[in-house]
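> After the sequence you'll find the predicted model.
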Amino acid sequence: MIIKHTVRILALLFILIVLSILSAQLYSTRTVPPVGDQIDRDPAKPGVFRIAFGSCNKQWKPNYMWRAIINCKPDLWIWLGDSIDAAAEDMAYLRSQYDKQKQNPDYTELRKKCPIIGTWDDNDYGMKNGTRHYPKKAESQQLFLDFIDEPKDSPRRKQEGIYASYRYGNPGKRIKVILLDLHYDADAPGPGSDLLGNAQWEWLEAELKDSKDDIVIIGSSLQLLSCEHPFEHWGNYPKSRARFLQLLAAAKLKLTIILSGDRHLAEMSRLNDPRFSYPLYDVTSSGLTHHVDFFYHLRALFSPEKDQYLIGKPFHENSYGVIDINVSIESLTVILQIRDRENRMQRQVSI
């Protein structure tokens with residue numbers, strides 16, 4: 001009798017624990033509307049070029065972030081991957097999900113107010129943790145370029161991969177945005193694996209050499225600096241990561257900032273390396289509609305993430321990023337921000 005009673009108690013405790021975990025998971029993944037008016041509490045000053053950026057958007061979920069982004073009045077929006085969540089080989093389905101996102105009224109308004117550029121990650125590439133072996137990558141490339149309204153005669157439509165560069169501003173105070181493609185020619189992760197492919201490496205080296213007078217913003221769907229966690233990052237391709245940093249150092253640019261996504265959290269990392277004349281920042285903003293869940297936090301209790309480059313603490317709620325570049329003064333100033341759904345600044349670094 002005692003044994004049966006003990007077994008019943010243990011079974012009941014197990015059921016209660018499971019129900020508690022499921023409840024916590026549901027609570028952590030809930031969609032929470034903003035409680036304020038999402039006004040811009042830190043408007044861009046005159047002479048500032050403002051870039052907003054973000055990643056990880058589920059097209060079927062309410063996205064309250066768009067109103068905050070519209071209110072911050074960016075001069076440019078950059079997608080850093082997972083603009084939709086639709087990893088599939090069915091191109092009709094993939095197109096329908098892009099269409100669903102483009103029909104979002106707030107996103108439609110943003111498209112009218114500022115240019116939109118971007119790169120993809122695995123969920124909009126079409127293959128989970130996608131590599132060069134995805135059989136529909138050429139077709140998927142055209143659908144993504146349709147989504148961001150890339151002109152029909154754009155070079156991006158003729159090359160293999162969606163890497164691209166853009167320039168804004170005047171000579172001497174120009175801002176150059178380089179967008180990388182980390183999927184089209186990527187090998188499977190490994191010590192000697194290649195992430196970019198020969199054509200993109202050659203293109204990137206030429207782009208960096210041609211950027212001496214620019215502030216260079218590099219959009220990467222995966223984190224470059226943070227590479228001690230068990231998820232996707234450049235550290236899973238150590239040879240490519242070392243090659244990229246060496247190319248960047250050899251270019252001797254005025255200033256470079258990395259923007260990244262994918263993680264379902266936001267954080268800022270900094271590399272101080274004698275090869276660079278400036279601290280190299282990697283600003284991660286993710287996600288727009290969802291963030292790390294209860295299981296992430298539960299795992300972190302037993303195995304906390306390590307990050308030797310991390311500044312402060314990660315921000316675990318929905319977020320988007322802002323870069324303010326003041327091009328109106330002799331000494332250029334740059335402010336990096338992470339903002340929440342209320343449009344409040346949660347993390348900030350000034351350069």
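That came in fine, so what should we check first?

> Not counting its neighbours along the chain, what's nearest the residue most central in space within the chain?
Of all residues in the chain, the one closest to the mean position by CA atoms, centre = their mean is G261, 2.1 Å from it. Distance criterion CB to CB, 6 or more residues apart in numbering; nearest residue to G261, sequence neighbours excluded, is S55 at 2.6 Å. All C-beta spots, glycine's among them, are computed from the backbone N, C-alpha and C.

> Spit out the contact partners of that neighbour.
79-83, 121, 221, 260-262, 285-288 (CB atoms under 8 Å, 6 or more residues apart in numbering).

> Quick one: the strands in the stretch 251-351 of the chain, in order.
Along the stretch 251-351 of the chain, counting by DSSP state E, counting those that start in this stretch, strands occupy 255-260, 266-271, 280-284, 310-315, 320-326, 333-339, 345-350.

> Give me the sheet partners of the first one and which way each runs.
Strand pairing for strand 255-260, determined by DSSP bridges: strand 214-220 (parallel), strand 280-284 (parallel).

> between it and strand 320-326, how many degrees?
Following axes from the mean of the first three to the mean of the last three CA atoms, to 10 degrees, one obtains 170 degrees for the angle between strand 255-260 and strand 320-326.

> again, but for the second one
Compare the direction of strand 266-271 with that of strand 320-326 by the same axes, to 10 degrees and you get 50 degrees.

> To D40, which of the strands paired with strand 255-260 lies closest?
Across the strands paired with strand 255-260, the minimum distance to D40, taken as CB to CB, is reached by strand 280-284, at 18.8 Å.

> Counting neighbours, show which residues of stretch 56-63 come out buried.
By 16 or more other CB atoms under 10 Å, the buried positions in stretch 56-63 come out as C56, N57, K58, Q59, N63.

> I would like the residues contacting that stretch, please.
Where contact means CB under 8 Å, 6+ apart, the residues beyond stretch 56-63 that reach it are 31, 33, 81-86, 97-98, 100-101, 104, 106-107, 121, 261-262, 264, 286-290.

> Weed out the non-buried ones from those.
Among these, those that count as buried by neighbour count (16+ other CB under 10 Å) are 81-86, 97-98, 101, 104, 106-107, 121, 261-262, 264, 286-290.

> Burial check on A199, number of neighbours?
The burial count assigned to A199 is 14, neighbours taken as other CB atoms under 10 Å.

> With respect to Q348, which of the strands paired with strand 255-260 lies nearest?
strand 280-284 (10.5 Å).

> now the angle from the closest one to strand 310-315?
Strand 280-284 and strand 310-315 meet at an angle of 10 degrees, taking the same axes, to 10 degrees as the criterion.

> what's strand 280-284 in contact with?
Around strand 280-284, the neighbours that count as contacts under CB under 8 Å, 6+ apart are 223-226, 248, 256-263, 265-273, 309, 321, 323, 336, 338, 349, 351.

> Which residue ranges make up the domains of the protein?
Residue ranges for the structural domains of the chain, counted by automatic domain parsing, are given in the record as 1-30, 41-350.

> got CSV for the ones you listed, with mean pLDDT too?
Supplementary listing: the domains of the chain in CSV, determined by pLDDT from 0 to 100:
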stretch, mean pLDDT
domain 1-30, 63
domain 41-350, 95
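
> most packed of those domains?
Burial of the domains of the chain is given as mean neighbour count (mean count of other CB atoms under 10 Å); domain 41-350 ranks first at a mean of 18.

> Now do that domain: distance to the chain's middle.
From the chain centre to the centre of domain 41-350 is a distance of 4 Å (CA atoms, centre = their mean, to the nearest Å).

> What is the end-to-end distance of it?
Terminal residues of domain 41-350 are spaced 17 Å apart (CA to CA, to the nearest Å).

> Quick check: the nearest residue to V32 once chain neighbours are set aside vs R347, distance?
The spatially closest residue to V32, leaving aside those adjacent along the chain, is R341, at 7.4 Å (CB to CB, 6+ apart). Plainly put, R341 is 15 Å away from R347 if you go by CB to CB, to the nearest Å.

> same deal with I2?
Taking CB to CB as the criterion, I2 is separated from R347 by 56 Å.

> One more: Y296?
Taken as CB to CB, the span from Y296 to R347 is 19 Å.

> Dump stretch 157-174 to CSV, restricted to CA.
Once side chains and other backbone atoms are set aside, the C-alpha atoms of stretch 157-174 remain, and they are given as CSV (Å, rounded to 0.1, in the frame of the first residue of the first chain):
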residue,chain,number,x,y,z
ARG,A,157,18.8,38.6,-60.2
LYS,A,158,21.6,37.4,-62.5
GLN,A,159,24.1,36.2,-60.0
GLU,A,160,24.1,33.0,-57.9
GLY,A,161,23.3,34.3,-54.4
ILE,A,162,21.7,37.4,-53.1
TYR,A,163,24.8,39.2,-51.7
ALA,A,164,24.8,43.0,-52.6
SER,A,165,26.1,46.4,-51.6
TYR,A,166,24.5,49.9,-51.5
ARG,A,167,25.9,53.4,-50.9
TYR,A,168,24.2,56.3,-49.2
GLY,A,169,25.4,59.9,-48.7
ASN,A,170,28.2,62.0,-50.2
PRO,A,171,31.9,61.2,-50.8
GLY,A,172,33.9,61.5,-47.6
LYS,A,173,30.9,60.8,-45.5
ARG,A,174,29.3,57.9,-47.3
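
> ok, and what's touching that stretch?
Contacts with stretch 157-174, where a contact means CB under 8 Å, 6+ apart, come from 49, 75-76, 117, 119-120, 138, 141-142, 144-145, 150, 155-156, 175-181, 184-185, 196-197, 199-200, 203-204, 207, 213-215, 327, 332.
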